[in-house]
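Colleague: When you get a sec, could you give me coordinates for this:
(one chain, ligands or ions: 1)
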Amino acid sequence: MSKDMSFEAVMARRPETMKKAIGIDYDVFESGSIAFDYERMMRETGYSLQQMQKIQSETGVGNTPVYELRNLTALARKFAPKGKGARIFVKDEAANPSGSFKARRAATACYHAKKLGYKGVIAATSGNYGAAVASQAAMRGLKCIIVQECYDSREVGQPEIVEKARKCEAYGAEVVQLTVGPELFYSFLRLLEETGYFNASLYTPFGIAGVETLGYELSMEFREREGKDPDVVVVTNAGGGNLTGTARGLIKADADTQIVGASVDLSGLHMASDTQFNRKSFTTGHTGFGIPFATWPDRSDVPRSAARPLRYMDRYVTVNQGSVFYMTEALAQLEGLERGPAGNTSLAATFALAQELDEDKIIVAQETEYTGAGKHIQPQLTFAKENGIEIVIDDPKDEVPGENIILPKDPSYIKTKDIDLNKIKRSYIRNCIKNTKVDSVTSEDIEFLVKDTKSSEEFVKKVLDELKVEY
Ligand SMILES: Cc1ncc(COP(=O)(O)O)c(C=O)c1O
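Modeller: Have a look, this model is predicted:
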């Protein structure tokens, strides 16, 4: 008898499909309540730092260069108060095969798939991760399918995502392009069932652990060249894996570094909306992913996400779209580095934050990404105009996502806005209660929530009181 492939039946088989496609039994880490043993999961299902360095070096991943951006530092100092203006550095992750830090995640995922004997890998992603998986799969002799959410219902595709499809195909992957909506997950599950391939999820322990090498390298590189760890590392944040992995790597190096998350402000735009899908000029590194994933990381395609950014974030800031475009040009024209939008999100924030710090401090934009036809400023701004977005040169503080893009009048207008982290932490705790449907929490849950929000017992208990939850 043939299997029932209706939407309902495929979705209902999700737990068994996932178990088969990842090879991890997540149940063993569960407490039966809110808490789960995160560190045990990372230890028992991930790889050690040394193993990851070896795996990644086999396929040319990692050990990317660090550049000091002297001209951007000088520019920032022009606008900073006297004595302020930290030295700005960037880690050039575009030097990885496939052109982004995502190669670190894909390297461990593809290695793992091969080790477990899978014939191929599947990833549901519209971004750099698809290219990274396709490239690593090619190196390891695995078949590869990338499932993309690419078009709105008019079948108009975001230039950056359309370009990514070409890149994945160039690496020999099969690309399944879908319109915005629930069919993405259905198609993904269906393909996993039909092919028996490995789910190269972005959120597995070995995927996230793959980014730890980046944080570790940062510490080692700065100790060698400057005799100290970076004071501040700024990380473009979306699903939280970039920040989680980098922070864990810095912690493994015993570095005392402040971790700042940075996202493009797309507040007010709904990512799953057909009509708003093409009204944004950024496909990652924005608040449309950053906020929902920070406040509920387990929304991902695995039962427990290994990306838990609130555990590691000291500060979370936003920048507007226009400032990132501006910084993209500034990086190319002042430093001779033509790079893509996601990394330049953290760079725009870094440029503004450097002006708060003393001149002898070190601030690092933790990654760059490659750029290409669909990622460039021109196609993005042209596409924005075609979709009714007004392009203005003025003060970015007045930008309204989905209505206009405001390029700063001059670099002094590039500013960050702080997101209230306590508010985000509160939302996360509320979601834990809501989604696990508990009406009282255990002492183990409290301990877990303290760690998962990098807060204190006092803070967690205060939120539980506000939510009228017993403990
Ligand atoms: C180049 C680049 N930087 C940053 C990010 C954000 O990473 P994460 O989703 O792990 O927060 C992405 C993810 O799409 C990316 O491709």
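Colleague: From now on I want contacts and neighbour counts done on CA atoms only, so please keep to that.
Modeller: Fine.
Colleague: which residues are in contact with the strand ranked longest in the chain?
Modeller: Identified as the longest strand of the chain according to DSSP state E is strand 143-151. Contacts with strand 143-151, where a contact means CA atoms under 8 Å, 6 or more residues apart in numbering, come from 119-126, 130, 133-134, 137, 157-158, 161-162, 165, 168, 172-181, 184, 187-188.
Colleague: among the residues you listed, which ones are buried?
Modeller: 120-126, 130, 133-134, 137, 157-158, 161-162, 165, 168, 172-181, 184, 187-188 (16 or more other CA atoms under 10 Å).
Colleague: Quick check: residues of this structure near the ligand?
Modeller: Neighbours of the ligand within the chain, by CA under 6 Å from any ligand atom: 100, 127-128, 236-242, 284-285, 342-343, 369.
Colleague: Which one of the residues you listed is nearest to residue 88?
Modeller: residue 343 (13.9 Å; CA to CA).
Colleague: does the closest one sit in a helix or strand, and which one?
Modeller: Using DSSP states H and E, residue 343 maps to helix 341-354.
Colleague: helices and strands around that helix, which ones?
Modeller: Packed against helix 341-354 by the contact rule (3 or more CA pairs under 8 Å, 6 or more residues apart in numbering; DSSP states H and E) you find helix 70-79, strand 87-91, strand 232-236, strand 258-264, strand 315-319, helix 321-335, strand 362-365.
Colleague: quick one, which of those is packed in tightest?
Modeller: Greatest average neighbour count among these goes to strand 232-236 (a mean of 28), per mean count of other CA atoms under 10 Å.
Colleague: Just send the helices and strands packed on helix 341-354 back as a markdown table, with mean pLDDT too.
Modeller: Conversion of these to a markdown table gives the following (pLDDT from 0 to 100):
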| stretch | mean pLDDT |
| --- | --- |
| helix 70-79 | 98 |
| strand 87-91 | 98 |
| strand 232-236 | 98 |
| strand 258-264 | 98 |
| strand 315-319 | 98 |
| helix 321-335 | 98 |
| strand 362-365 | 98 |
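Colleague: Indicate which one of these is closest to residue 414.
Modeller: So among these, helix 321-335 is nearest, using CA to CA, at 5.8 Å.
Colleague: Tally up the residues packed near residue 257, please.
Modeller: For residue 257, the count of nearby residues is 18 (other CA atoms under 10 Å).
Colleague: That should have said residue 196, apologies.
Modeller: Residue 196 has 17 nearby residues by other CA under 10 Å.
Colleague: Wait, it touches residue 22, no?
Modeller: No - with contact defined as CA atoms under 8 Å, residue 196 does not reach residue 22; the gap is 10.3 Å.
Colleague: follow-up on the earlier one: out of the helices and strands packed on helix 341-354, which is closest to residue 8?
Modeller: That would be strand 258-264 among those, by CA to CA, at 35.1 Å.
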